[in-house]
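Trainee: Following is a predicted model, sequence given first.
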Amino acid sequence: MIVERLAVIGVGLIGGSFALALKQAGAVGEVVGVGRKPASVEQARARGLIDRAGDWSEAGQADCVLLAMPVGETETVLRALEPHLTARTIVTDAGSTKSGVVATARAALGAKWRNFVPGHPIAGSEQSGPDAARADLYRGRKVVLTPDADTDPHALAIVKALWQAVGAEPELLDAATHDRVFAAVSHLPHLAAYALVDELAQRADRDTFFRFAASGFRDFTRIAGSSPEMWRDIALANRDALLGELNAYVAALQTLSTAVAAADGTALLEIFSRARDARAGWIDTQDL
Ligand SMILES: NC(=O)C1=CN([C@@H]2O[C@H](COP(=O)(O)OP(=O)(O)OC[C@H]3O[C@@H](n4cnc5c(N)ncnc54)[C@H](O)[C@@H]3O)[C@@H](O)[C@H]2O)C=CC1
Ligand SMILES: O=C(O)C(=O)Cc1ccc(O)cc1
């Protein structure tokens, strides 16, 4: 057993999967869940993701607390939790953005900041809520941890061990690099998918388009089925990096537009071939 008591704040896909996998691995004694909606905490309990519903006081006294709610809730949650946190309680999070979470945690936790280990599992799906949780979600997936020079080495070791117990592979990165990378490979693609679906959905004759849309549209837009609240928070928390990526993508679309307008088949073939080869090289490195 790695920790006796784990508290999970936000028992949805990410928090619920973490709790379930740790319980199945025998890595935790008891899991208490704290949520915004009592019905979803009860749903999580009924599914066996958590042992019982808890409150801020119980969460603060746990050995480890995982924050697994939308990143925009971080300040509210840490302000509620901080008065109850013991000096030895380790706090970690699963948020998709890191610099904002780190700044918020530093401000809200004061000296207890040393026990905060920022994290981001690179696993998930477009589904959300406790019903979507699965014990194998993290198996073979990376989890990025972004500790800094102040982070307590013992807290980091425990958080690493918990992720390893659920089958994940921890990798360390600084928070700014994390946000720059994930703006490009995760945040921008989600915005692009939402934008395409919304643009079509606003058309008066949308049904004609949706009736004929097939697997290419389905693949490209799967992630537009993701939680709007979660993605609003990510877009706001990673504004600077995301704006850079949006501009780069608009410029790439503009290049395609220019080539299409000029009927420049050579340019299109060159871009499409380069992209296909780059994607094939990336796929070869993946176990998706
Ligand atoms: N969905 C995904 O694929 C991934 C999500 N993440 C991050 O993990 C976090 C959780 O995402 P999901 O589990 O997908 O979302 P989810 O929607 O499945 O679960 C979030 C839960 O947090 C609860 N919640 C919201 N505000 C709260 C508050 N103030 N206090 C307590 N509970 C609160 C919600 O009721 C919900 O049950 C987010 O920060 C997200 O950025 C990270 C990696 C992958
Ligand atoms: O559904 C998908 O393919 C995802 O990309 C899931 C996902 C969403 C958010 C993250 O921070 C990490 C992974």
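Mentor: Perfect, I can see it now. Residues are numbered from 1 along each chain as shown. Ligands and ions are numbered 1, 2, ... in the order given.
Trainee: To which secondary structure element type does the nearest residue to G54 once chain neighbours are set aside belong?
Mentor: Nearest-residue entry for G54: V32, 3.2 Å, with adjacent residues in sequence omitted and distances by C-beta to C-beta, 6 or more residues apart in numbering. Placement of C-beta: from N, CA and C, glycine included. Assigned state for V32: strand (three-state reduction, DSSP: H, G, I helix; E, B strand; the rest coil).
Trainee: so how far is G110 from V32?
Mentor: Distance of V32 to G110, given as C-beta to C-beta, to the nearest Å: 24 Å.
Trainee: Report whether E4 is found in a strand, as I expect.
Mentor: Yes: E4: assigned to a strand according to three-state DSSP.
Trainee: which ones are touching the nearest residue to it once chain neighbours are set aside?
Mentor: Excluding the flanking residues, the one nearest E4 by C-beta to C-beta, 6+ apart is G29, at 4.3 Å. Neighbour list for G29: 1, 3-5 [criterion: C-beta atoms under 8 Å, 6 or more residues apart in numbering].
Trainee: Quick one, which of those residues are buried?
Mentor: With burial judged by 16 or more other C-beta atoms under 10 Å, the buried subset of these is 3, 5.
Trainee: follow-up on the earlier one: got the buried residues for the host helix or strand of the residue nearest to E4?
Mentor: Element membership for G29 (DSSP states H and E) is strand 28-34. Under the neighbour-count criterion of 16+ other C-beta under 10 Å, strand 28-34 has 28, 30-34 buried.
Trainee: Name the next helix or strand downstream of that strand, please.
Mentor: Sequence-wise, the next helix or strand downstream of strand 28-34 (DSSP H and E) is helix 38-46.
Trainee: quick one: strands adjacent to the helix or strand following that next one?
Mentor: Heading C-terminal from helix 38-46, the first helix or strand you meet, by DSSP H and E, is strand 52-53. Here strand 52-53 has these sheet partners by DSSP bridges: strand 28-34 (parallel).
Trainee: how distant is the partner strand from the center of its chain?
Mentor: Centroid separation between strand 28-34 and its chain, computed with C-alpha atoms, centre = their mean, to the nearest Å, is 21 Å.
Trainee: avg pLDDT for that strand?
Mentor: Averaging pLDDT along strand 28-34 yields 98.
Trainee: same thing with stretch 125-135?
Mentor: Mean predicted confidence for stretch 125-135 is 98.
Trainee: would you list the buried residues of strand 28-34 in CSV and tack on distance to ligand 1?
Mentor: Output for these, formatted as CSV (distance: C-beta to the nearest ligand atom, whole Å):
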residue, distance to ligand 1
V28, 18
E30, 19
V31, 15
V32, 12
G33, 9
V34, 6
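Trainee: Specify which member of those is nearest to G129.
Mentor: Of all the buried residues of strand 28-34, G33 has the smallest distance to G129: 12.9 Å, by C-beta to C-beta.
Trainee: Could you report the distance from that closest one to ligand 2?
Mentor: Taking C-beta to the nearest ligand atom, to the nearest Å as the measure, G33 falls 21 Å from ligand 2.
Trainee: Check what pLDDT the nearest residue to that residue once chain neighbours are set aside gets.
Mentor: Excluding the flanking residues, the one nearest G33 by C-beta to C-beta, 6+ apart is I50, at 3.7 Å. You'll see I50 listed with a pLDDT of 98.
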